[in-house]
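A.B. asks: Return a 3D structure for these sequence lines:
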Amino acid sequence: MKAKLGIAPIAWWNDDLAELSDDVSLEECLRQASAAGFTGMETGRRFPMNMGELGPILARYGISVCGGWFSGLLLDGDIEREKDRIRAQMDFFIAAGAPCIVYGETARSIQGVRSAPLATKPKLSEEEIRDYGRKMTAFGEWCAEQGMPVAYHHHMAAAIETETELDLLMKHSGEGLPLLFDAGHMAFAGGDVLRVIDKHHARISHVHTKDVRMGVIEKLDRRRESFLDAVVKGAFTVPGDGSLDFVAIVKRLASYGYEGWFVVEAEQDPKVSPPLEMAKKGHKELMRVMALAGYAVVQ
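C.D. replies: Have a look, this model is predicted:
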């Protein structure tokens, strides 16, 4: 089985918290990612959104686009409007040969609101999730027909956060909605990461290897502290530096035949956790884990 290793630029600059950003250029970010051993990077706010400008820069460092976030609003929105909103990114990703667009539902989400406690996240009834699942399936099918599939990102402080909420979304959506499995977000939400893989492996098309520091998470006051507060406190980190057993996680994915990207996405304070150092640590751990799980790492 084959695996590709990518990383997200959120370790270098944070799109939601300017205070957690290094003053580094896109080229320096790519240089460091390449030096750490990664061959893919998800997009971020310092990326030009056209391959005419970006392509030569990526080629210089042997990096390809391995995904990137789209702030979806379909929970409260209209499918046709979302098609219009995603079109430019879709065309860019098709030109870049990216595997998918990461769909993150931001309608009603408090993930970017520093003053909103974790306990105030949006909560949907099963009927609401059923209706939402139908819309997401239709949207996902359209995206795939256009040549660029989405991968649905369950996310802390969003409408689909917990294992139960994800189970309901998977129940009420079809195969046209692939899943991005994020071990860190699911662990933070209190879910069983291996059980989630067991239940939904057939839908997993993209993987974020986000690690967590459970010591930080367990001390959070979710009635007072927000998702961004947790990020600032160091809830997330790279594989090999946190609490999750990525040998077990990756072996479980391998047992179901998952092939594709494993992307390190670990937002941290770059002054506390230097990005190049952390990228090297994460890559080293993933290489160890991939070998144990029987993956051949390819470019």
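A.B. asks: For the protein, which segments count as strands?
C.D. replies: For the chain, applying DSSP state E gives strands covering 2-7, 40-41, 64-65, 69-72, 101-105, 150-153, 179-182, 204-208, 211-212, 236-237, 260-264, 296-297.
A.B. asks: Report all helices and strands that the first one contacts.
C.D. replies: Yep, that's strand 2-7 we're talking about. Under the contact criterion of 3 or more CB pairs under 8 Å, 6 or more residues apart in numbering; DSSP states H and E, strand 2-7 touches strand 40-41, strand 260-264, helix 275-293, strand 296-297. (Glycine included, C-beta is placed from N, CA and C.)
A.B. asks: Tabulate those (a markdown table), appending mean pLDDT, distance to residue 146 and mean neighbour count.
C.D. replies: Listed next are the helices and strands packed on strand 2-7 as a markdown table, based on pLDDT from 0 to 100; distance: least, CB to CB, whole Å; neighbours: other CB atoms under 10 Å:
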| stretch | mean pLDDT | distance to residue 146 | mean neighbour count |
| --- | --- | --- | --- |
| strand 40-41 | 98 | 22 | 25 |
| strand 260-264 | 98 | 20 | 25 |
| helix 275-293 | 98 | 31 | 19 |
| strand 296-297 | 98 | 30 | 13 |
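A.B. asks: The strands of the chain: which one's closest to residue 17?
C.D. replies: Of all the strands of the chain, it is strand 236-237 that lies closest to residue 17, at 12.2 Å by CB to CB.
A.B. asks: and the helix ranked longest in the chain with strand 101-105, angle?
C.D. replies: In the chain, assigned by DSSP state H, the helix with the most residues is helix 126-146. Orientation check (axes from the mean of the first three to the mean of the last three CA atoms, to 10 degrees): helix 126-146 against strand 101-105 gives 160 degrees.
A.B. asks: which strands and helices sit next to helix 126-146?
C.D. replies: Checking 3+ CB pairs under 8 Å, 6+ apart, helix 126-146 ends up next to helix 79-96, strand 101-105, strand 150-153, helix 163-171.
A.B. asks: Buried residues of the last one, list them for me.
C.D. replies: Using 16 or more other CB atoms under 10 Å as the burial criterion, the residues of helix 163-171 that qualify are 163, 165, 166, 167, 168, 169, 170.
A.B. asks: Touching, the third one and residue 160? I think so.
C.D. replies: Pointing back at residue 166 there. Yes. Residue 166 is within contact range of residue 160, at 5.8 Å (criterion: CB atoms under 8 Å).
A.B. asks: which neighbours do the two share?
C.D. replies: Residues touching both residue 166 and residue 160 (CB atoms under 8 Å, 6 or more residues apart in numbering): residue 154.
A.B. asks: re the thing from before, taking the mean pLDDT, what do you get for the longest helix of the chain?
C.D. replies: In this model, helix 126-146 has a mean pLDDT of 98.
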